[in-house]
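Engineer: Could you work out the structure for the sequence below:
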Amino acid sequence: GVERGADLRGWHGHDDREHGERCGRAHEAGHEQGNAHGHEQMGSFETPHPERAEALVSGRSQRNLVLSLQAMQAMVTTLSPDVPGTMAGFDRAVRLATGLDDPVFAGVATPTGRLRVEAVQQAVAALIDTALAELGPELDVGIGFNAADGD
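Structural biologist: This is a model prediction of the structure:
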């Protein structure tokens, strides 16, 4: 997160520590949200777990992922519109997620379906890496420690 006592003057024309801290928290939340759609949801290629897919009962796993990606893209556009790699990553991840035609990610139970879902996971992982590389310096914030870090 944003270090206490950090000098935030000059940060996109803001001289407001609270504004900088909010952006730092938003940056961390985006990182955590991206990881929420990670491997633990569907298991591994060797041991698929379609029954763990988010929102299985409601049939909205795919839709929720697409909506989350679109909402995060809108947030990033608001925070810092000049991050072309991140925007391209969002476009790719949304396109792949939308193209799954697998509302509950049940396809992870078959080798072909699993590969398609893993392509989406890889796109989201690449997006997270790109966003961290582009947004952190752009917003002058970094990822802090939290309970999910395992430290």
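Engineer: Tell me the buried residues in the lengthiest helix in the chain?
Structural biologist: The longest helix of the chain (DSSP state H) is helix 111-139. Buried residues in helix 111-139, counting neighbours by 16 or more other Cβ atoms under 10 Å, are found at 113-114, 116-117, 119-121, 123-125, 127-128, 130-132, 134-135, 138-139. Bear in mind the C-beta positions are built from the backbone N, C-alpha and C, glycine included.
Engineer: same question, stretch 70-85
Structural biologist: Applying a neighbour-count criterion of 16+ other Cβ under 10 Å, one finds 72-73, 76, 79-80, 83 buried in stretch 70-85.
Engineer: Tell me which of the residues you listed fall in helices.
Structural biologist: The helices, defined by DSSP H, take in 72-73, 76, 79 from these.
Engineer: where do the helices sit along the protein?
Structural biologist: 17-36, 39-42, 61-79, 84-98, 111-139.
Engineer: Residue 104: which of the ones you listed is closest?
Structural biologist: With Cβ to Cβ, the closest approach to residue 104 among these belongs to helix 61-79: 4.9 Å.
Engineer: Measure how the closest one sits relative to helix 84-98, angle-wise.
Structural biologist: For helix 61-79 against helix 84-98, the angle by axes from the mean of the first three to the mean of the last three Cα atoms, to 10 degrees is 160 degrees.
Engineer: Now helix 61-79 - C-alpha only, PDB.
Structural biologist: Output in PDB follows, covering the C-alpha atoms of helix 61-79 (Å, rounded to 0.1, in the frame of the first residue of the first chain):
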ATOM      1  CA  SER A  61     -19.600 -18.000 -13.100                       C
ATOM      2  CA  GLN A  62     -18.700 -16.900 -16.600                       C
ATOM      3  CA  ARG A  63     -20.900 -13.800 -16.500                       C
ATOM      4  CA  ASN A  64     -19.500 -12.800 -13.100                       C
ATOM      5  CA  LEU A  65     -16.000 -13.100 -14.400                       C
ATOM      6  CA  VAL A  66     -16.800 -11.000 -17.500                       C
ATOM      7  CA  LEU A  67     -18.500  -8.400 -15.300                       C
ATOM      8  CA  SER A  68     -15.600  -8.300 -12.900                       C
ATOM      9  CA  LEU A  69     -13.100  -7.800 -15.700                       C
ATOM     10  CA  GLN A  70     -15.200  -5.000 -17.300                       C
ATOM     11  CA  ALA A  71     -15.700  -3.300 -13.900                       C
ATOM     12  CA  MET A  72     -12.000  -3.400 -13.200                       C
ATOM     13  CA  GLN A  73     -11.200  -2.100 -16.700                       C
ATOM     14  CA  ALA A  74     -13.600   0.800 -16.100                       C
ATOM     15  CA  MET A  75     -11.800   1.500 -12.700                       C
ATOM     16  CA  VAL A  76      -8.400   1.500 -14.400                       C
ATOM     17  CA  THR A  77      -9.600   3.800 -17.200                       C
ATOM     18  CA  THR A  78     -10.800   6.200 -14.500                       C
ATOM     19  CA  LEU A  79      -7.600   6.000 -12.400                       C
END
